[in-house]
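# any chance you could fold what I've pasted below:
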Amino acid sequence: PETNREKLVLQVGSDCGALLVDGYGDGAIIGPDWKATAEKATSTFEELNYLRTTSFGMLQGCRMRSTKTEFVSCPSCGRTLFDLQETTAAIAERTGHLPGVAIAIMGCIVNGPGEMADADFGYVGGAPGKVDLYVGKEMVKKGIPNAEACDALIDLIKEHGRWVEPETAEKTEEAAAVAAEASTSA
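All right, here's what the predicted structure looks like:
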């Protein structure tokens, strides 16, 4: 059974997201349903925070605003050279705080470079047990052992000036949310 939150995401995504992608607006206001009691959040703050992250997620999905790291991954197939889900989760855990950065995680060299064309950085299975790293469409490091590849990706992001320490990024996001709230109440 769908929860109220799942219904909200589906409704907002289909109703508003489609219009925003087609250029029929600059944003949408998503407000709480204070009368709904079926699945109320434990606090008003939690509910408002969920609505805020849902709103920003929709805007990012429509490519209107970037507030978090964007991850692109292939669907996986028989050519995949590493555990795609486990690797994607590990990379997301360490790099998910980088707004405006797009990272592609591709299982093999066959379709990987074409599927990751819009990504800033790419992590592609190049050979069994080896990963190739890309900046944009250009391979910059080849044959990195799987065990070292996530660290090498982070080093590459740092080399290109796109790294922000996690604590700083969280404070910046909080400050932006407070500033946005202040500007709407002014």
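# contact partners for the residue nearest the centre of the chain?
Nearest to the geometric centre of the chain sits residue 70, at 3.1 Å (CA atoms, centre = their mean). Applying CB atoms under 8 Å, 6 or more residues apart in numbering to residue 70 gives the contacts 60, 101-103, 119. For every residue, glycine as well, the C-beta is placed using N, CA and C.
# give me the below-cutoff pLDDT ranges for the protein.
For the chain, applying pLDDT under 70 flags the ranges 1-2, 32-43, 168-186.
# which stretches of it form helices?
In the chain, the helices defined using DSSP state H lie at 4-12, 18-21, 44-61, 84-95, 112-115, 146-159, 166-185.
# chain center to the third one: distance?
Yep, that's helix 44-61 we're talking about. 14 Å (CA atoms, centre = their mean, to the nearest Å).
# and that helix, C-alpha only, in PDB?
Backbone C-alpha positions of helix 44-61 (Å, rounded to 0.1, in the frame of the first residue of the first chain) are rendered in PDB as follows:
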ATOM      1  CA  THR A  44       5.800  19.900  11.800                       C
ATOM      2  CA  PHE A  45       9.500  20.500  11.200                       C
ATOM      3  CA  GLU A  46       9.900  16.900   9.900                       C
ATOM      4  CA  GLU A  47       6.900  17.400   7.500                       C
ATOM      5  CA  LEU A  48       8.100  20.700   6.200                       C
ATOM      6  CA  ASN A  49      11.600  19.300   5.700                       C
ATOM      7  CA  TYR A  50      10.200  16.400   3.700                       C
ATOM      8  CA  LEU A  51       8.200  18.800   1.500                       C
ATOM      9  CA  ARG A  52      11.400  21.000   1.000                       C
ATOM     10  CA  THR A  53      13.500  18.000   0.000                       C
ATOM     11  CA  THR A  54      10.700  16.800  -2.300                       C
ATOM     12  CA  SER A  55      10.400  20.200  -3.900                       C
ATOM     13  CA  PHE A  56      14.100  20.500  -4.500                       C
ATOM     14  CA  GLY A  57      14.200  16.900  -5.800                       C
ATOM     15  CA  MET A  58      11.500  17.700  -8.300                       C
ATOM     16  CA  LEU A  59      13.300  20.900  -9.400                       C
ATOM     17  CA  GLN A  60      16.600  18.900  -9.800                       C
ATOM     18  CA  GLY A  61      14.800  16.200 -11.800                       C
END
